[in-house]
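Novice: Mind folding the following:
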Amino acid sequence: MTNTLQIDDWNGATGARWVDNQERLDRILAPYGDAALAAAAARPGEAVLDIGCGAGVTTLALAAGVQPGGRIVGIDISEPLIVRSRERTAAAALPIDFRLEDASRAALPAAAFDLLFSRFGVMFFDAPTEAFRHMRAALKPGGRLAFICWRSAAENDWAKLPIAALRGIVPIPESNPEAPGPYAFGNRARLQGILEDAGFIDIEIQPFDAPLIYGIGADREAALDDALDYMTQIGPVPRLLADKPADMHEKAMAAVRAALESRLGDDGVVIDGAAWVVTGRNP
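Specialist: The predicted structure follows:
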């Protein structure tokens, strides 16, 4: 997707689904957000730009970490998510400013931030090197970059498990792994090159793996129902089943449910996840 298509998508059905599933997403992605926040190590008094801030959970955590004296700007292309961010932070009495803009093209103040941060918000730019170069200009000399991004689809069960289940039931389009999207930075060497070409130094790219607890409930069936409901709203399934006839949809749901059941344990439905934790510095 180009940035324009991403903006349309995140202000349409995808953005609405993320708002509806905000509490689930915060729970499921918590280990990944915590890993990124630990790598960022925000300090009192710092100014931070939270890129692709979503519904604001990391923005709140960063805002608390830079007190006293710090400030946070959360930026996202999705109006539904920015509205939700403002709602959930209204009572926090913290110096947070949310902006509905594309961070890769927004008019950012030069050399204004100590830290550029993101939890899964930087993989969608249609020109990633130029985007990172643009955002780096907003960093102070010596300022830090810290983000987390997904590795390849093949390493992430939340992507490969439903696609494998649906193969042969619905058409599975060929995809470019380097296209803007969740897995755009799966190739470590490519990611390293993008950041180097954008002018960052001291780049470190470390693997981070953690379970994603997709389904929880009072019993095993409830956990499975919860996981199926979530997977039909977030991830590749809703795209692959869009506008498909009822009989195909029913068969697809049975296949996805069976795949999820294979990951059902005492803690619920647990899916493997694989990410990079990335840090760097502005010269």
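Novice: roughly how far out does the one helix or strand Asp229 maps to sit from the chain middle?
Specialist: Using DSSP states H and E, Asp229 falls within helix 220-231. Relative to the chain's own centre, helix 220-231 is displaced by 22 Å; criterion: C-alpha atoms, centre = their mean, to the nearest Å.
Novice: same thing with stretch 273-283?
Specialist: 14 Å.
Novice: Equivalent analysis for stretch 50-61, please.
Specialist: From the chain centre to the centre of stretch 50-61 is a distance of 10 Å (C-alpha atoms, centre = their mean).
Novice: what's the answer for stretch 247-258, then?
Specialist: From the chain centre to the centre of stretch 247-258 is a distance of 27 Å (C-alpha atoms, centre = their mean).
Novice: Quick one: low-confidence residue ranges for the stretch 101-250 of the chain.
Specialist: Counting by pLDDT under 70, not a single residue of the stretch 101-250 of the chain qualifies.
Novice: Show me the strands in the stretch 1-150 of the chain, by range?
Specialist: Secondary structure of the stretch 1-150 of the chain (DSSP state E, counting those that start in this stretch): strands located at 47-51, 71-76, 96-100, 113-119, 139-150.
Novice: Tell me which strands the last one pairs with, and in which orientation.
Specialist: To tie it back to what came earlier, the one meant is strand 139-150. Strand pairing for strand 139-150, using DSSP bridges, gives strand 113-119 (parallel), strand 268-281 (antiparallel).
Novice: Just tell me which of the ones you listed ends up closest to Met253.
Specialist: Nearest to Met253, of all these, is strand 268-281, at 14.9 Å by C-beta to C-beta. Where you see a C-beta, it was placed from the backbone N, CA and C, and this is true even at glycine.
Novice: which parts of that closest one are buried?
Specialist: Buried residues in strand 268-281, defined by neighbour count with 16 or more other C-beta atoms under 10 Å: 268-271, 273-281.
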